[in-house]
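In: Structural data only, the sequence is not supplied:
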Ligand SMILES: Cc1cc2nc3c(=O)[nH]c(=O)nc-3n(C[C@H](O)[C@H](O)[C@H](O)COP(=O)(O)OP(=O)(O)OC[C@H]3O[C@@H](n4cnc5c(N)ncnc54)[C@H](O)[C@@H]3O)c2cc1C
Ligand code: SF4
């Protein structure tokens, strides 16, 4: 590939600078370049070339020295946080950060797990691609129960943008007409296995408000002509997506938005360029560009643009904003409200239940599937739950024990070998993804003295769960067990997260909310178009913008919000308003 788009130094004043190249940075670059703007994408990590830089792809565990586990000492020394992520392993470690180089602090007793993919493509190379729309239940939630400020937008503002990004990205799923989970523009869904189909019937008969659907995900089950034009092919259901996918069968920056942006010849990319801060011009009250530290040479440089889009992931963006200090903004750019860094949210994962399903011993399945059955939220929709606010989804699948399950069982000798050769019992698991309330006390700030090896002030992250979260976790486990029982499961085992230490805040990797959108500049950082209230040409479209976190996986919403904000920003630029 012609690599002329990679730049180092440049005196050019770009029409726009996009910071970050993950899910939101990729979308911002695509939208802005396709609208004719000359754009510079600034990425702190190294370049990752589609297909060429996926060394773990297709490498089976038995070809790796430790069967995809890693040298214990190496993990202890360098990946002590990243290893907590389920997708971390020998074949995917290149997309995770070395924790020694990316320090941050947390108070005693309040662990936070910050999982990062700092490379070209960001976490778009790692995500599980679960993709769900928010509904008006979510956009109304803060207003309805008084937690957090009101969203400045509603579903109708985002609806066309969901459709727009879904068509390009390719989302598989089924039309279901569920009010709390609007349908997307779908490619065909993945299939249920026979046990899941039988359980679905039982569950829906017993609980009419709990529909079990196939998980919606950004995988090409049947590529449309425009996907093939992007160089993307049908998903082979290998379920190896976090190692990189040369088929381009799932959505990533590399497979989808970057090729589209590069096709315009309007995109330049600076990699290994850590944005230190936004350059602010007090005379015009505009962002003029960004200051960067070259991660390889430690040199500092400046890049200039007519507007700046911060898409460096929730905490990356917040770190840059807090570090962008001027006389007008002594606590961080566009922070006249004082809420920058506050209202950090994540999802509640880890609680649920599992049970054995008898009666299907003549059934088996072959192959894999990069998604699983999903029960959308039914709590606090029609009736208020007595114990907690907001809702959760449940997801899980039915699978049959095979030789792999025996790795954790005791045994030896001929009998044990014989057992391993036979398929075991069927199990069905259900685990929750719960909504958290936005709280001022869950916050990030810059550490007053500690810096990383490049000289960036470290983030201090202070976040903890509350009674509402624990009560929801309790209900998730009880309800999962209740559903499993109705489905005929035996020997049901519940798991409930009851303490911060059981599962750290952040580990759901849906951190959001630290530069929230809102109607009032006194209580929010961004307006309804993701423009900072204070600096008209500064936009934030990653998860930092979220006013509440809903119960759905968030990245599809980030995509739609980014495309919408780009449309607004370009119109404003052309009108000379920013
Ligand atoms: C294993 C895993 C599974 C997940 N599954 C799902 C899922 O199923 N569904 C879902 O919705 N979400 C999922 N997520 C979350 C999803 O990946 C994130 O929501 C999404 O990537 C956020 O997009 P982003 O553009 O804000 O950030 P990122 O994709 O993280 O990109 C941010 C980019 O900014 C760069 N950057 C940061 N700081 C700077 C700086 N100072 N200067 C320059 N560049 C900088 C980073 O290097 C990075 O490339 C998952 C995440 C992981 C890790
Ligand atoms: S499951 Fe599909 S998207 Fe994932 S790696 Fe395999 S082919 Fe690619």
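Out: Structure's in. What do you need? Keep in mind that this is a model prediction, so the values were computed, not measured. Ligands and ions are numbered 1, 2, ... in the order given.
In: Contacts only, for residue 549.
Out: By C-beta atoms under 8 Å, 6 or more residues apart in numbering, the residues touching residue 549 are 345, 346, 347, 435, 436, 438, 510, 512, 513. Backbone N, C-alpha and C define where each C-beta goes, glycine included.
In: Next up, phi/psi of residue 539, please.
Out: Backbone torsions for residue 539, taken as degrees, to the nearest 10, come to phi -120, psi 150.
In: With adjacent residues omitted, what lies nearest to residue 367?
Out: residue 237 (5.8 Å; C-beta to C-beta, 6 or more residues apart in numbering).
In: need the residues of the stretch 101-250 of the chain near ligand 2, please.
Out: Proximity of the stretch 101-250 of the chain to ligand 2, by C-beta under 6 Å from any ligand atom, involves residues 219, 235, 236, 237, 238, 239, 240, 241, 245, 247, 249, 250.
In: rerun that using 8 Å as the cut-off
Out: Residues of the stretch 101-250 of the chain lying close to ligand 2 by C-beta under 8 Å from any ligand atom are 129, 219-220, 233-241, 243-250.
In: Filter those down to just the buried residues.
Out: Neighbour counting by 16 or more other C-beta atoms under 10 Å classes 129, 219-220, 233, 235, 237-238, 240-241, 243-245, 247-250 among these as buried.
In: Which single one of these is nearest to residue 14?
Out: residue 248 (27.6 Å; C-beta to C-beta).
In: and the gap between that closest one and residue 186?
Out: 19 Å (C-beta to C-beta, to the nearest Å).
In: For residue 248, give me its contacts.
Out: By C-beta under 8 Å, 6+ apart, residue 248 lies in contact with 50, 220, 230, 231, 232, 233, 254, 255, 256.
In: from memory residue 207 sits against residue 484, does it?
Out: No: Residue 207 is beyond contact range of residue 484, at 11.9 Å (criterion: C-beta atoms under 8 Å).
In: between the buried ones among the residues of the stretch 101-250 of the chain next to ligand 2, which is closest to residue 16?
Out: Nearest to residue 16 out of these is residue 248 (C-beta to C-beta; 25.8 Å).
In: you'd agree that closest one is in a strand?
Out: No: counting by DSSP: H, G, I helix; E, B strand; the rest coil, residue 248 is located in no strand; its state is coil.
In: residues contacting residue 243?
Out: By C-beta under 8 Å, 6+ apart, the contact set of residue 243 is 54, 56, 57, 58, 59, 91, 92.
In: try 6 Å this time
Out: Residue 243 makes contact with 56, 57, 91, 92 under the criterion C-beta atoms under 6 Å, 6 or more residues apart in numbering.
In: Checking residue 28 next. Helix, strand or coil?
Out: In terms of secondary structure, residue 28 is helix; the call rests on three-state DSSP.
In: Hmm, it is touching residue 309, no?
Out: Yes: counting by C-beta atoms under 6 Å, residue 309 is a contact partner of residue 28 at 4.6 Å.
In: quick one: common contacting residues for the two?
Out: Both residue 28 and residue 309 are in contact with residue 18, where contact means C-beta under 6 Å, 6+ apart.
In: so what's the closest residue to residue 313 other than its chain neighbours up against?
Out: Spatial nearest neighbour of residue 313, excluding adjacent residues (C-beta to C-beta, 6+ apart): residue 542 at 5.5 Å. Residue 542 is in contact with 24, 311, 313, 314, 317, 558, counting by C-beta under 6 Å, 6+ apart.
In: Ranking by neighbours, what's the top pick from these?
Out: Counting neighbours by other C-beta atoms under 10 Å, residue 24 leads those with 35 neighbours.
In: Can you give me the separation between the nearest residue to that residue once chain neighbours are set aside and residue 280?
Out: Distances taken as C-beta to C-beta, 6+ apart put residue 311 closest to residue 24, at 3.9 Å, once the chain neighbours are dropped. As defined by C-beta to C-beta, residue 311 lies at a distance of 19 Å from residue 280.
In: ok, residue 54 - how many residues close by?
Out: 22.
In: Against residue 439, how distant is it?
Out: Look at residue 54 and residue 439: by C-beta to C-beta, they are 39 Å apart.
In: So residue 156: helix, strand or coil?
Out: helix.
In: how many other residues sit next to it?
Out: 9.
In: what's the spacing between the helix or strand of the chain with the lowest mean pLDDT and its chain's center?
Out: For the chain, using mean pLDDT, DSSP states H and E, the weakest element among its helices and strands is helix 413-421, scoring a mean of 86. Counting by C-alpha atoms, centre = their mean, to the nearest Å, helix 413-421 is centred 42 Å from the centre of its parent chain.
In: List the neighbours of that helix that are in contact with it.
Out: 403, 406.
In: Next up, phi/psi of the closest residue to ligand 1 within the chain, please.
Out: At 2.0 Å from ligand 1, residue 22 is the closest residue in the chain, using C-beta to the nearest ligand atom. Dihedral pair for residue 22: phi -80, psi -150, per degrees, to the nearest 10.
In: Around ligand 2, pick out the residues from this protein.
Out: 57, 129, 219-220, 233-241, 243-250, 368, 370.
In: Inside helices: which ones of those?
Out: The helices, defined by DSSP state H, take in nothing from these.
In: Those: which ones sit near ligand 1?
Out: residue 129.
In: Let me see the ranges of the helices in the stretch 351-500 of the chain.
Out: Secondary structure of the stretch 351-500 of the chain (DSSP state H, counting those that start in this stretch): helices at 413-421, 467-486.
In: Alright, that wraps it up for me.
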